[in-house]
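Participant: Test case, fold it:
(2 chains)
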Amino acid sequence: MAETTVETKKKSGLLGKEDIKLLKDPLHSDNPITIQVLGICSALAVTGSVTKSLVMAVALIFVCAFASLIISILRNSIPSSIRMIVQLLVIAGLVQIVEIVLGAFAYTAYVELSVFIGLIITNCIVMGRLEAFAMGNNPKQALLDGIGNGLGYGWILVAMAVVRELFGKGTFMGWEIMNPLFAIVGGEYTLNNLMVLPASSLFVIGIFIWVQRNVDDELVDKS
Amino acid sequence: MGETLNIFLKSAFIDNMVLAYFLGMCSYLAVSKTVKTAVGLGLAVIFVLGITMPINWVINTYLLSDSAIVAGVSLSFLRLILFIAVIASMVQLVEMIIEKVSPALYNSLGIFLPLITVNCAILGGSLFMVSREYGFVDSVSFGLGSGLGWFLAIVAIASIREKLRTADVPPALRGLGIAFIITGLMGIAFMSLAGLNPADFN
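Facilitator: You can find the predicted model right below:
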């Protein structure tokens, strides 16, 4: 999903090279989770199931994109001594919108995720990008940066959830996968209970980082 | 008094914010490269938790509870916004103080200083305090205890990571990767402490 967005944007010719970089970098070389270390808490909490992670990812992309846009528009009129409170109010307002929309159109997901949607307010990706990027760049770039980081967070989240749900519960979005597969060879899948524990998502992220940095040597920590 | 001490010990060592609840992970992993910065951020978190907890207790008890301002009306739906506003203003205060007192620490903490605001351990602590119905004194001890627990956890992982610099870790796992895995192991080790009650040892 992430890749196609970048593709279509490229064709439209609306965006320069710099703008595409803003969208693309967070997917891999400047990923919010594996490189910038932002938004880990929610990555630990919701990755037990793929459906939850998908809803969470979409919600976060929305909040991150629009918070960046709004803060970037306001950036010259916010006094620096109260900037955090202003940022949080904008984020809280957007999260409230997401909560209301989800409650109206996707009620089951809303019930499952209710607490975690509220916790997008304290997801450090949103505020991290506001502090690091939107406070110093123009609205268009800030919007792209917000979308890019949301997508970068989203794909890692969903990938982790696929691994954890598949091995921990033997399912994918609620469908039985492992048992039918093992039934072909006449066996039975024993659930890996480690994958259900929150601690396992730390191992999964660790392994993702390992793979990612093996693929791309430039990301290896040299210090 | 015994109960208050009990809450302090329990929140610091048993229900540890980082290792038992996995709250406040982002800055815990990102700022734990050296013990020095870890100590700085840890102290800031103790301060913010210790201050915001009693303030939020007062707000929750005298403003947000049932019929606190207007008879028959509960303002508890404002809880998240008010708590986060208190936390944000306290963090802003800490940021100003650190910038004045220690510019070097201010620079090495970088973006993770303002991010204490969205450190889930802080807001999580206030919400735990409400759901566990602590009194005023207990909430102070809970705030300081959880702060101390967070401080100890980040200092522990920072010292492990300093030692690991000389270890033969696969290049791609060096730094962040191994920190994640170590935290996972520490978390699993901490699971064996879950449900322990210090009062039982008297």
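
Participant: how about the helices of the chain, start to end?
Facilitator: Since you didn't name a chain, this refers to chain A. Ranges of helices within chain A are A:2-12, A:17-24, A:40-46, A:50-74, A:83-105, A:107-118, A:124-132, A:139-169, A:178-184, A:198-215, based on DSSP state H.

Participant: try again with chain B
Facilitator: With DSSP H as the criterion, chain B has helices spanning B:2-9, B:25-30, B:35-59, B:79-101, B:103-109, B:120-131, B:136-164, B:176-191.

Participant: Which elements pack onto the last one?
Facilitator: Looking back up the chat, that one is helix B:176-191. Judged by 3 or more C-beta pairs under 8 Å, 6 or more residues apart in numbering or on different chains; DSSP states H and E, the packing partners of helix B:176-191 are helix A:198-215, helix B:25-30, helix B:136-164. Every C-beta, even on glycine, is put in place using the N, C-alpha and C of the backbone.

Participant: for the fifth one, same thing?
Facilitator: In terms of contacts (3+ C-beta pairs under 8 Å, 6+ apart), helix B:103-109 is packed against helix B:35-59, helix B:79-101.

Participant: got the CA coordinates for that helix in CSV?
Facilitator: Extracted in CSV, the C-alpha atoms of helix B:103-109 (Å, rounded to 0.1, in the frame of the first residue of the first chain):
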residue,chain,number,x,y,z
PRO,B,103,23.1,23.4,28.3
ALA,B,104,25.3,20.4,27.6
LEU,B,105,22.6,18.0,29.0
TYR,B,106,20.0,20.0,27.2
ASN,B,107,21.7,19.4,23.8
SER,B,108,22.3,15.7,24.4
LEU,B,109,18.7,15.1,25.3
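
Participant: give the contact list for the most centrally placed residue in chain A.
Facilitator: Centroid-nearest residue in chain A: A:Y153, 2.6 Å away (criterion: C-alpha atoms, centre = their mean). Applying C-beta atoms under 8 Å, 6 or more residues apart in numbering or on different chains to A:Y153 gives the contacts A:P26, A:N31, A:P32, A:I33, A:L38, A:G39, A:A43, A:A57, A:L60, A:I61, A:C64, A:I125.

Participant: Now rank those by neighbours and give me the top one.
Facilitator: A:C64 (34 neighbours; other C-beta atoms under 10 Å in any protein chain shown).

Participant: In contact with that one, which residues?
Facilitator: Going by C-beta under 8 Å, 6+ apart, A:C64 touches A:I125, A:V126, A:R129, A:G146, A:I147, A:N149, A:G150, A:Y153.

Participant: how near is B:L49 to B:Y28?
Facilitator: Per C-beta to C-beta, to the nearest Å, B:L49 is found 14 Å from B:Y28.

Participant: and for those two, which residues touch both?
Facilitator: Both B:L49 and B:Y28 are contacted by B:W150, under the criterion C-beta under 8 Å, 6+ apart.

Participant: any low-confidence regions in chain A?
Facilitator: Within chain A, the set of residues satisfying pLDDT under 70 comprises A:1-14, A:114, A:222-223.

Participant: Just confirm yes or no for stretch B:5-20 near chain A.
Facilitator: No - taking C-beta under 8 Å from any C-beta of the partner chain as the criterion, stretch B:5-20 and chain A are apart, separated by no less than 9.1 Å.

Participant: end-to-end on that stretch?
Facilitator: Stretch B:5-20 has an end-to-end distance of 20 Å (C-alpha to C-alpha, to the nearest Å).

Participant: try stretch A:106-126
Facilitator: The first residue of stretch A:106-126 is 23 Å away from its last residue (C-alpha to C-alpha).

Participant: What about B:L93, how many residues nearby?
Facilitator: Counted with other C-beta under 10 Å, B:L93 comes out at 14.

Participant: Figure out which of the helices and strands packed on helix B:103-109 is closest to chain A.
Facilitator: helix B:79-101 (4.4 Å; C-beta to the nearest C-beta).

Participant: neighbouring contacts of that closest one?
Facilitator: Helix B:79-101 is contacted from outside by A:81-82, A:84-85, A:88-89, A:92, A:118, A:121-122, B:40, B:44, B:47-48, B:51-52, B:55-56, B:59-60, B:63-64, B:105-106, B:109, B:113-114, B:116-117, B:122-123, B:126-127, B:130, using C-beta under 8 Å, 6+ apart.

Participant: Return the member of the contacts of A:Y153 nearest to B:N16.
Facilitator: Closest approach to B:N16 among the contacts of A:Y153 (C-beta to C-beta): A:A43, at 19.3 Å.

Participant: what's the closest residue to B:N16 other than its chain neighbours in contact with, if anything?
Facilitator: If the residues on either side of it in the chain are set aside, B:N16 comes closest to B:G149, at 4.4 Å by C-beta to C-beta, 6 or more residues apart in numbering or on different chains. B:G149 makes contacts with B:S11, B:A12, B:F13, B:D15, B:N16, B:M17, B:V18, as judged by C-beta under 8 Å, 6+ apart.

Participant: what's near enough to touch the spatially most central residue of chain B?
Facilitator: What sits nearest the mean C-alpha location of chain B, by C-alpha atoms, centre = their mean, is B:A121, with 4.1 Å. By C-beta under 8 Å, 6+ apart, B:A121 lies in contact with B:M17, B:V18, B:Y21, B:L23, B:G24, B:V45, B:L49, B:S146, B:W150.

Participant: Could you measure from B:T34 over to B:C26?
Facilitator: The value you get for B:T34 to B:C26, if C-beta to C-beta is used, is 17 Å.

Participant: Which one of those two is surrounded by more residues?
Facilitator: The neighbour comparison of B:T34 against B:C26 (other C-beta under 10 Å) goes to B:C26, with 27 against 15.

Participant: Could you report the pLDDT at the more buried one?
Facilitator: Looking at B:C26, its pLDDT is 81.
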